[in-house]
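In: Generate a structure from the sequence data that follows.
(one chain, ligands or ions: 1)
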Amino acid sequence: MEKVAVVMDWGGTWVRAGVVDSGGNLLWHDRSLNKAGGTQSELISGAYRVLENALRWCEDKAVVGVGIAAAGPIDAESGIFYSPPNLQVLDGVCIKGIWEEATGYPIVIGNDATMAALGEYNYGAGLDPDDGIESSRTLLYLTISTGVGGGVVDRGKVVVGAHGMAAEVGHMRIDSGESAPTCQCGNKGCLEALVSGTSIVRLFNLELDRVADTVKQSWNERQVDTQVIFEAANYGDPIAESILTKVIADLSVGITNLVHLFNPDRVVLGGGVSLSLTKFGYIETIRDMVAGAVMSTRHKEFNIKPAKLGDNAGLIGAACLIWEQFE
Ligand SMILES: [Zn+2]
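Out: Purely as a prediction, here's the structure:
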């Protein structure tokens, strides 16, 4: 029988499940919306239904284990959620314990961005040999979308931390000023509060409040999201340009700090904001800013790549952990 890993990526909006073979191929996947405003048991049973579908699909296959990538913080060892901002009703829940009993399979669980880092390392942007750098030894993954998350894989191993919560890169403090924007973690001036999609829109709207009414009116008729802001900057809109100039500078400071900490040869950018950064040609600018700021020529030996696995990175990364632990 073919050996497979059953995997899940449980985010704030969607819960996705999949079946991955030992070559990193996603054989089957399905997804379902978390019930909006759902209770703890409604969310758990909704996610379990998707997991059951995946297990049912594997009837003629040998399931090695179940890997779950979840919007944390989550303790990778105990499998307990700790105040997850995007899945708040799951605070204190040990999903690993509940589902190991329900499914009869061993479960590994981890932060979704960490799992995505592992997926990209093994089967995505970590593999591209270019710029004279062969497949990655140390890969730093950043996801920039509604929030900012990340993960680090060093020579095949995920950097997990004592409690499985390492690389919360979005909450690295970038701006220590009094007027720094407040982050959803409660601190001020975190990378997430400066460069996430939500933050870009909020900073843009704040800036709009300061300008003349005529300018404001022309904008108020439009639904502003990050893509609109990137497009406006591309056409030379001064407000959009000034916001993005600051975003690029803050993101470059964040990546510079991370390059000094982890010395990656590959920095992989995932998430919706990263798609816009790539589309509108900002990646080279960021690379140049980081390369200009790091302390040695050796630190400059990295490239920045867009993520390759898209929404599947977490699922494929969760499968990598299954093969690593149970095979
Ligand atoms: Zn924060």
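In: Please count neighbours and contacts with C-alpha atoms only from this point.
Out: Fine.
In: Walking through this protein, point out its strands one by one.
Out: 3-10, 14-21, 26-33, 62-70, 107-111, 138-144, 148-154, 157-158, 266-270, 303-306 (DSSP state E).
In: and the longest one, which strands flank it?
Out: Yep, that's strand 62-70 we're talking about. Strand 62-70 has the following strand partners under DSSP bridges: strand 3-10 (parallel), strand 107-111 (parallel).
In: what comes up buried for it?
Out: Buried residues in strand 62-70, counted by 16 or more other Cα atoms under 10 Å: 63-70.
In: go on, stretch 203-213?
Out: Buried residues in stretch 203-213 (16+ other Cα under 10 Å): 203-205, 208.
In: likewise stretch 224-244?
Out: So, applying 16+ other Cα under 10 Å, buried residues of stretch 224-244: 226-227, 229-231, 233, 239-241, 243-244.
In: Distance from it to the middle of the chain?
Out: With Cα atoms, centre = their mean, to the nearest Å as the basis, stretch 224-244 stands 23 Å off its chain's centre.
In: Please save the CA atoms from that stretch in CSV.
Out: Output in CSV follows, covering the C-alpha atoms of stretch 224-244 (Å, rounded to 0.1, in the frame of the first residue of the first chain):
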residue,chain,number,x,y,z
VAL,A,224,-9.1,50.5,-0.6
ASP,A,225,-7.1,47.3,-0.2
THR,A,226,-3.4,46.6,-0.5
GLN,A,227,-3.6,45.8,-4.2
VAL,A,228,-5.3,49.2,-4.9
ILE,A,229,-2.5,50.9,-2.9
PHE,A,230,0.2,49.1,-4.8
GLU,A,231,-1.4,50.0,-8.1
ALA,A,232,-1.9,53.6,-7.1
ALA,A,233,1.8,53.9,-6.2
ASN,A,234,2.6,52.4,-9.5
TYR,A,235,0.7,55.3,-11.2
GLY,A,236,2.5,57.8,-9.1
ASP,A,237,-0.1,58.6,-6.4
PRO,A,238,1.9,60.5,-3.8
ILE,A,239,0.1,59.1,-0.7
ALA,A,240,0.3,55.5,-1.8
GLU,A,241,4.0,56.1,-2.8
SER,A,242,4.9,57.5,0.6
ILE,A,243,3.1,54.7,2.5
LEU,A,244,4.9,52.0,0.4
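In: what about that stretch, average pLDDT?
Out: Stretch 224-244 carries an average pLDDT of 94.
In: can you list the residues that contact it?
Out: 197, 200-201, 203-204, 207-208, 273, 276, 280 (Cα atoms under 8 Å, 6 or more residues apart in numbering).
In: low-confidence ranges in the protein?
Out: Along the chain, segments meeting pLDDT under 70 span 129-133, 212, 214, 220-221.
In: So what touches stretch 51-71?
Out: Under Cα under 8 Å, 6+ apart, the answer for stretch 51-71 is 1-12, 17-19, 28-30, 84, 86-87, 105-113, 115, 314-315, 318-319, 321-323, 326-327.
In: Look up how far Ser179 lies from whatever residue of the stretch 101-250 of the chain ends up closest to the ion.
Out: Going by Cα to the ion, the ion is nearest to His171 of the stretch 101-250 of the chain, at 3.9 Å. Going from His171 to Ser179 by Cα to Cα, to the nearest Å gives 17 Å.
In: Likewise for His163?
Out: Counting by Cα to Cα - His163 and Ser179 are separated by 32 Å.
In: So between the two, which is more surrounded?
Out: Per other Cα atoms under 10 Å, whichever of His163 and Ser179 has more neighbours is His163, with 12 against 9.
In: which residues touch the more buried one?
Out: Applying Cα under 8 Å, 6+ apart to His163 gives the contacts 75-77.
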